[in-house]
Every structure is written in structure tokens, then in C-alpha cells.
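**Student:** Give me the fold of what follows.
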Amino acid sequence: MYSDDLATPLGLLRVVSNGEAICAVKVVEKPAERCPDALVRQASRELQEYFAGVRQRFDLPLDPAGTPFQKSVWRALTAVGWGSTTTYGALAAASGHPGAARAVGSAMRANPILILIPCHRVLARTSLGGFALGLERKRLLLTLEGHICE
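**Tutor:** Numbers count the residues shown, from 1 in each chain. Purely as a prediction, here's the structure:
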């Protein structure tokens, strides 16, 4: 495994590659020893561009670890572009699992590749919904993408 840490408005992000694809982007408390490969360097560069407001789409291979259900939800979620949002129910239908909105919420909590698989773009019908990193960080990401969050 290859990894590097990146300071962002969300805090310290660790970007992890298995040598063929990005397999994790997560918030960490303490920096680790640097061991980046070309994919980690590319992902870090693209994330910096995203936080600077100049990148709206990521060009990286992704390999999240999860169940077949979770992977189907995450695949559908990658189609929700920058500046757009969807709901848990709509994402359930788009992933081939209509009526599974609660299970979609569980898949969002288990998302191992933050931002690149944009779980922050999933909202409840009448509210922001939840976010594994807290609603303040969700608001930050949505605001970066042009949404006004209350």
C-alpha cells in the first residue's frame, strides 16, 4: 500500500493506493510516514485543485473495499457531478435498489473514499441528512460546490 497525507479544509486527509487504484481517502488525526506512488500523488494534486475550486471532476481509478451492494451504490454516486445533489431514495433507485434508502445511508457511512466518491452530495428529502465526518464538514463541501447550506 502507498499513502500520503494532505492538509485540507476538512483536516488532514490520508490518500491510499493499492498500486493500481485509489482505495481510501480518509480524515486522520496524525500524519504518517510518507510512501506515495504516482496515483497517490495524482489524487493529492486533484484534491488540492478541488479545494482550490478549479477541479470539478476526478480522473482516478477507484477500488473501494465493500459489499456488492455498497459498491453498486458508490458506482451510482460517482455519476452525481460537482454542484449537484441527490437524495438517499433517488440514489437507491439509481443503483438498482429502489426502496433501499436506509441501506444507502449505511453505504454512505461505510464509504472508504471520501470526496472522490462524493457521499456529501446525498441529502435527505427534507434536510442535509447525515455525514460520517459531521454536518459542518458536509456544509463546507457543499458550499465549496456552490450550494447554500443552512
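
**Student:** what about the longest helix in this structure?
**Tutor:** For the chain, the longest helix by residue count, based on DSSP state H, is helix 38-51.

**Student:** quick one: secondary structure of Glu136?
**Tutor:** With DSSP: H, G, I helix; E, B strand; the rest coil as the basis, Glu136 sits in helix.

**Student:** any idea how far Leu123 is from it?
**Tutor:** Distance of Glu136 to Leu123, computed by CB to CB, to the nearest Å: 15 Å. The way it works is simple: take the backbone N, C-alpha and C, and place the C-beta from them, glycine included.

**Student:** Give me the more crowded residue out of those two.
**Tutor:** Using other CB atoms under 10 Å, the more surrounded residue of Glu136 and Leu123 is Leu123, with 20 against 10.

**Student:** who's in contact with Gly81?
**Tutor:** The contact partners of Gly81, by CB atoms under 8 Å, 6 or more residues apart in numbering, come to 56-57.

**Student:** try it again with 10 Å
**Tutor:** 56-57, 118, 121, 145 (CB atoms under 10 Å, 6 or more residues apart in numbering).

**Student:** Please apply the same query to Met108.
**Tutor:** 70, 73-74, 77, 88, 91, 117-122, 129-132.

**Student:** Could I get the pLDDT score of it?
**Tutor:** You'll see Met108 listed with a pLDDT of 90.

**Student:** and it, which of the three is it?
**Tutor:** On the three-state scheme (three-state DSSP), Met108 is labelled helix.

**Student:** do the same with Cys23
**Tutor:** Strictly by three-state DSSP, Cys23 counts as strand.

**Student:** quick one: it and Asp37 touch, right?
**Tutor:** No. Using CB atoms under 10 Å, Cys23 is not in contact with Asp37; the gap is 11.8 Å.

**Student:** Give me the common contacts of those two.
**Tutor:** Common contacts of Cys23 and Asp37 (CB under 10 Å, 6+ apart): 1-3, 17.
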